[in-house]
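Q: build me a structure from this.
(one chain, ligands or ions: 1)
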Amino acid sequence: MLNIRIKLPYLTPAMMGIDLERADRGVADDLRIVPTGTARGLSQLVLRTDIAGMPLEWIDYKEAARLYHQEQVAYTCGSPLFELYGGVNARTGRRTVLEINSIVATVGHTGNPGNTRHDYVPPLNNQTLFRRDAYLCMYCSLRFPSRELSRDHIRPFSQGGLDVWTNVVTACRRCNNQKASRTPEQAKMQLIAVPFTPTYAEYIFLKGRRVLADQMQYLLAHFPRSSPLHDRIQRWLS
Ligand SMILES: [Zn+2]
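A: Numbering: from 1, shown residues only. Okay, the predicted model is just below:
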């Protein structure tokens, strides 16, 4: 499935002059950015990894194009998302085309804190928390849209509980109200799963807005084998 490609041979110095902003707005006739069917629009994000293939971050097509221009792209994986058409080369008469893939591996030092720090803990927010728990209330096990979910502190603040990944779960408003300022034992409510702190790769996945199948497969390969996300993602897909 993962189709590793060598750095694109048709990247020429002529590409350096592409004004992405103008091309984006269709201002310049000779510059054009075309999302492929896979991308379904310019907002689709590209997964950037380091040279060893460790996931780093989500970037937009402009940032990806910049990395190509700066010769920072070591190799690409996944499928083509965008085609960037530049000017016609006066000497060869050929139009320059840059193809941007769904996964790009870049050279140089990584900014991946998950690689350098063993005790890395990703920031906690509701969007990633709800995704970690697959939008399921961890008490009644029903699925809800984001707006009907809340962050429950298993051990409540009033009893010394902390606002950390291992003390929070997704809960529907009804269950959260019912539990109130009590522990699950005190409220006689049972958690359906043990909360966990995501690894860096898991966090990148949880942060993704529209993760493509090849990007998801790539990220899954970097999750710990014991990650509950393997099961949860299968359930999302089914
Ligand atoms: Zn509930």
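Q: ok, Arg151 touching Arg132?
A: No: Arg151 is not in contact with Arg132 according to Cβ atoms under 8 Å; the separation is 11.1 Å. C-beta: built from backbone N, CA, C; applies to glycine.
Q: of those two, who's got more company?
A: Per other Cβ atoms under 10 Å, whichever of Arg151 and Arg132 has more neighbours is Arg132, with 26 against 15.
Q: got a list of what the more buried one touches?
A: For Arg132, the contacting residues are 165, 170, 195-196, 198, 202, 206, 229, by Cβ atoms under 8 Å, 6 or more residues apart in numbering.
Q: give me the buried entries from those residues.
A: Taking 16 or more other Cβ atoms under 10 Å as the criterion, what is buried in the contacts of Arg132 is 165, 170, 195, 198, 202, 206, 229.
Q: could you identify the most distant pair in those residues?
A: Farthest pair in the buried ones among the contacts of Arg132 (Cβ to Cβ) is Thr170 and Glu202. Separation: 15.4 Å.
Q: correct me if wrong: Cys175 contacts Cys140.
A: Yes: in this structure Cys175 lies within contact range of Cys140 using Cβ under 8 Å: 5.4 Å.
Q: compare the two (neighbour count), which wins?
A: It is Cys175, of Cys175 and Cys140, that has more neighbours when counted by other Cβ under 10 Å, with 20 against 15.
Q: re the thing from before, the buried ones among the contacts of Arg132 in strands, which ones?
A: The members of the buried ones among the contacts of Arg132 that map onto strands under DSSP state E are Thr170.
Q: from the buried ones among the contacts of Arg132, which single one is nearest Asp50?
A: Nearest to Asp50 among the buried ones among the contacts of Arg132, counting by Cβ to Cβ, is Glu202 at 16.8 Å.
Q: show the pLDDT at the closest one.
A: Listed pLDDT for Glu202 reads 94.
Q: so it makes contact with Ser226?
A: No: taking contacts as Cβ under 8 Å, Glu202 lies outside contact range of Ser226: 11.4 Å.
Q: coming back round to it: same list (the contacts of Arg132) but as CSV, adding distance to the ion.
A: Shown next, in CSV, are those (distance: Cβ to the ion, whole Å):
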residue, distance to the ion
Trp165, 20
Thr170, 9
Pro195, 15
Phe196, 19
Pro198, 22
Glu202, 24
Leu206, 21
Leu229, 21
